[in-house]
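A.B. asks: fold the stuff below for me.
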Amino acid sequence: MNFLNLMIKGMVMSVSQLIPGVSGSTIAIILGIYDRLLEAINHIWKDFKRHAYVLSAVCLGAVVGIVVFARGIQWLLEQYPIPLGLFFIGVILGGAPLMYQKSKETTHLRLSNWLFFIIGFAIVVLMGMEIDSSSPAITEVSWLSWIHLFVGGIVFAVALILPGISGSFMLLVLGLYQTLIDAAADMNIAVLIPIGLGTIAGTILTARIIEWLLRTYPQPAYLLILGFILGSILEIFPGWPIGITQWAVSIVVFVTGFWFVWKTSK
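C.D. replies: Numbering: from 1, shown residues only. Here you go, the predicted structure:
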């Protein structure tokens, strides 16, 4: 996989993270680079050149995606929230069969393991019940806000690595979503640095755990992730379209998102 290809996929992942409720790691699975990213993060010193190549391409794409598209995504969320939300619901539903197939790769599907799906679904739904997104954006950094931003970066990374949990959704829970959007759009380096450092630390800590779970308990882990993914749809759902034009556009973008991802994941 060439550098530009990996960079574009990193851009797609980072842009998806700007949509509350959408998981960048779910997009990584759909794009076929999730396992490669986990391997690169966890075993970078075993084959530094190869793994650093992957990580640098994806990370560069992620940074470019956030900086270039932050304002555009914000505008789409304000002007066309329903078609945009339904497009990403189509993307997620299109990728759900892939997760189901992965859960059956190593052994036949056990009925008892569906409990993990229910747990994952319930966790995401319960998390979405109480969200305070009214916190003002942080523009100037003190040592207390630096810690807040660093911890937010760690949580963002956990959500980034764990499929089905949206990084932007978790930032909403922490009251840091608008801070990240504004800082990326305005290139506020003082705010972006602690978030970035926290993201790096959280990624290193989380990736090894996730890789171990997927390797040791693949079926429960993938069903748990499937629960996370389908549960997140309730958070993403923007409401029903209004008027014939919005209905038509929403149906087209939903079907397009579903069809493209379903065909790609096959």
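A.B. asks: in what helix or strand does residue 5 lie?
C.D. replies: Assigned by DSSP states H and E, residue 5 belongs to helix 3-17.
A.B. asks: which residues does residue 162 contact?
C.D. replies: 23, 25, 206, 210, 225, 228 (Cβ atoms under 8 Å, 6 or more residues apart in numbering). All C-beta atoms are positioned from the backbone trio N, CA, C, and that covers glycine.
A.B. asks: measure it to residue 139 for me?
C.D. replies: Shown here: residue 162 relative to residue 139, a distance of 29 Å by Cβ to Cβ, to the nearest Å.
A.B. asks: now swap in residue 242 and tell me
C.D. replies: From residue 242 over to residue 139 the distance is 35 Å, taken as Cβ to Cβ.
A.B. asks: same check on residue 239?
C.D. replies: 31 Å.
A.B. asks: what are the phi and psi values at residue 109?
C.D. replies: Torsion angles at residue 109 (phi, psi; degrees, to the nearest 10) stand at phi -70, psi 120.
A.B. asks: nearest residue to it other than its sequence neighbours?
C.D. replies: residue 103 (6.6 Å; Cβ to Cβ, 6 or more residues apart in numbering).
A.B. asks: quick check, pLDDT for the one you found.
C.D. replies: If you check residue 103, the pLDDT there is 77.
A.B. asks: spatially nearest residue to residue 57, not counting backbone neighbours?
C.D. replies: In space, residue 57 is closest to residue 6, 3.6 Å off (Cβ to Cβ, 6+ apart).
A.B. asks: how about the one you found, what does it touch?
C.D. replies: 33, 54, 57, 58, 61 are the contacts of residue 6 under Cβ under 8 Å, 6+ apart.
A.B. asks: the third one and residue 8 touch, don't they?
C.D. replies: No. The pair formed by residue 57 and residue 8 falls short of the contact definition of Cβ atoms under 8 Å, at 9.1 Å.
A.B. asks: who's more crowded, these two?
C.D. replies: Neighbours were counted for residue 57 and for residue 8 using other Cβ atoms under 10 Å; residue 57 has more, 21 against 17.
A.B. asks: show me what the helix or strand that contains that one is packed against.
C.D. replies: Following DSSP H and E, one finds residue 57 within helix 48-79. Packing partners of helix 48-79 (3 or more Cβ pairs under 8 Å, 6 or more residues apart in numbering; DSSP states H and E): helix 3-17, helix 34-42, helix 177-186.
A.B. asks: these: which one's closest to residue 50?
C.D. replies: Nearest of the helices and strands packed on helix 48-79 to residue 50, taken as Cβ to Cβ: helix 34-42 at 7.9 Å.
A.B. asks: got the angle between that closest one and helix 48-79?
C.D. replies: 120 degrees (axes from the mean of the first three to the mean of the last three Cα atoms, to 10 degrees).
A.B. asks: just give the number of residues close to residue 141.
C.D. replies: When neighbours are counted by other Cβ under 10 Å, residue 141 registers 17.
A.B. asks: mind checking the SS state of it?
C.D. replies: coil (DSSP: H, G, I helix; E, B strand; the rest coil).
A.B. asks: show me what contacts it?
C.D. replies: So residue 141 contacts 149, 190, 191, 194 (Cβ under 8 Å, 6+ apart).
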